[in-house]
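*Asks:* Below: sequence and its predicted model.
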Amino acid sequence: MIPNTADTFAHFARAGWRSVSEAFAVSKNMESILTPALVSGFVADLLASPQVPHSVREKVVNELAMYVVDDNAEALRAAGEYAREMKIWLPLAEVQRIARTTQNPELILSHLVRARDMTPESLIESLALLASPYNTLTSGPGVEFDLPSGSSNNTLFERLATSGKVEIVKNGWGSGKKVRNLA
């Protein structure tokens, strides 16, 4: 029998996720022995594994700055997906880091919708970290772009319209709407 200790996990973790994945799923001590060093290099695999207990994955996401110290896109994408799926609140700095690194609106829009006390300036700053069309928000007054589809986008851009940062206008003869920068 192999002892269920941090030293044992650290020894086998050197060989990568495949060597410890099953042990992570069944260990009763994982929450107490889990450290950033122990999972360095396979945070994305750990977060994506449905066999790993939610409590372990939540610990990693709740302490994301400690577990993903660099801008590892794969790990941040997995953290964003897990946080969205489990409706885990992330600090704005982590939401922005996920946005900047992954460029994936699906990972951050729901976080921004839930951050109702966010200033319009912070919302624009966060959205502008994403690729087009969101980064167009910082292109100056009068610049227009198509309103991205989806209820989260509608909510966020309505907030910006209410605060006087953008105007939402009909998209000519076609369907859909445009966003016009006002600030």
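*Replies:* Now that the structure is in, tell me what you want to look at.
*Asks:* all helices of the chain, in order?
*Replies:* For the chain, helices defined by DSSP state H occupy the ranges 6-13, 17-26, 30-33, 36-39, 43-48, 54-62, 64-67, 73-86, 92-102, 105-114, 120-128, 151-162.
*Asks:* Contacts only, for the residue nearest the centre of the chain.
*Replies:* Residue closest to the mean C-alpha point of the chain, counted by C-alpha atoms, centre = their mean, is residue 80 at 2.9 Å. The contact partners of residue 80, taken as C-beta atoms under 8 Å, 6 or more residues apart in numbering, are 90, 98, 102, 104, 107-108. (C-beta placed from N, C-alpha, C; glycine too.)
*Asks:* try 7 Å
*Replies:* For residue 80, the contacting residues are 98, 102, 107-108, by C-beta atoms under 7 Å, 6 or more residues apart in numbering.
*Asks:* and if you look at residue 104?
*Replies:* Neighbour list for residue 104: residue 77 [criterion: C-beta under 7 Å, 6+ apart].
*Asks:* on that earlier part again, using JSON lines, please lay out the contacts of residue 80 together with distance to residue 46 and neighbour count.
*Replies:* Output for the contacts of residue 80, formatted as JSON lines (distance: C-beta to C-beta, whole Å; neighbours: other C-beta atoms under 10 Å):
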{"residue": "98", "distance to residue 46": "17", "neighbour count": "29"}
{"residue": "102", "distance to residue 46": "18", "neighbour count": "23"}
{"residue": "107", "distance to residue 46": "17", "neighbour count": "24"}
{"residue": "108", "distance to residue 46": "21", "neighbour count": "28"}
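*Asks:* In this protein, where is pLDDT below threshold?
*Replies:* For the chain, the stretches with pLDDT under 70 are 1-5, 8-9, 11-12.
*Asks:* Out of the contacts of residue 80, which is nearest to residue 124?
*Replies:* For the contacts of residue 80, the closest approach to residue 124 (C-beta to C-beta) belongs to residue 108, at 13.5 Å.
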